[in-house]
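Chemist: test case, fold it:
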Amino acid sequence: VTIADALLDLLPTVLPIGDEKPSAAHRSRLALAEAAGTVLAGGLSLLGISAPEFV
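Modeler: Modelled structure (predicted):
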């Protein structure tokens, strides 16, 4: 929770605003977040825990 709260302050500086086209760095961050979610879901599955579904 502490880390998530700290990241909220950074979001306006790393996310595109309005109609701004996402940069390569933004697309890379999204890909990294998706990959991390996949790895975490796999680890939870090995432990017999189901990961929540996010849309």
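Chemist: please make it C-alpha for all contacts and neighbour counts, starting now.
Modeler: Will do.
Chemist: what helix or strand is the most centrally placed residue in the chain located in?
Modeler: By C-alpha atoms, centre = their mean, the mean C-alpha position of the chain lies nearest to A33, the distance being 3.6 Å. Here A33 is covered by helix 24-46, with elements defined by DSSP states H and E.
Chemist: now that helix, how far from the centre of its chain.
Modeler: Shown here is helix 24-46, whose average C-alpha point lies 7 Å from the average C-alpha point of the whole chain (C-alpha atoms, centre = their mean, to the nearest Å).
Chemist: the helix-or-strand element of the chain with minimal mean pLDDT versus helix 24-46: what angle between them?
Modeler: Comparing helices and strands within the chain by mean pLDDT, DSSP states H and E singles out helix 2-14 as the least confident, with a mean of 78. Between helix 2-14 and helix 24-46, the angle formed by their directions is 160 degrees, by axes from the mean of the first three to the mean of the last three C-alpha atoms, to 10 degrees.
Chemist: now the most far-flung residue of the chain relative to its centre: how far from G42?
Modeler: In the chain, counting by C-alpha atoms, centre = their mean, G48 sits farthest out from the average C-alpha position, at 22.6 Å. Taking C-alpha to C-alpha, to the nearest Å as the measure, G48 and G42 are separated by 10 Å.
Chemist: buried residues in stretch 3-20?
Modeler: Burial within stretch 3-20, assessed by neighbour count using 16 or more other C-alpha atoms under 10 Å, is assigned to no residue.
Chemist: name the residues that touch it?
Modeler: Residues external to stretch 3-20 that are found in contact with it (C-alpha atoms under 8 Å, 6 or more residues apart in numbering): 22-23, 26.
Chemist: shaky segments in this protein?
Modeler: Within the chain, the ranges that satisfy pLDDT under 70 run 16, 51, 54-55.
Chemist: and if we set it to 80?
Modeler: Flagging of the chain using pLDDT under 80 yields the residue ranges 1, 4, 7, 10-22, 51-55.
Chemist: related to what we said a few turns ago, what comes up buried for the helix holding A33?
Modeler: By neighbour count, with 16+ other C-alpha under 10 Å as the criterion, the buried positions of helix 24-46 are A41.
Chemist: quick one: list the elements packing against that helix.
Modeler: Applying 3 or more C-alpha pairs under 8 Å, 6 or more residues apart in numbering; DSSP states H and E, we find helix 24-46 packed against no helix or strand.
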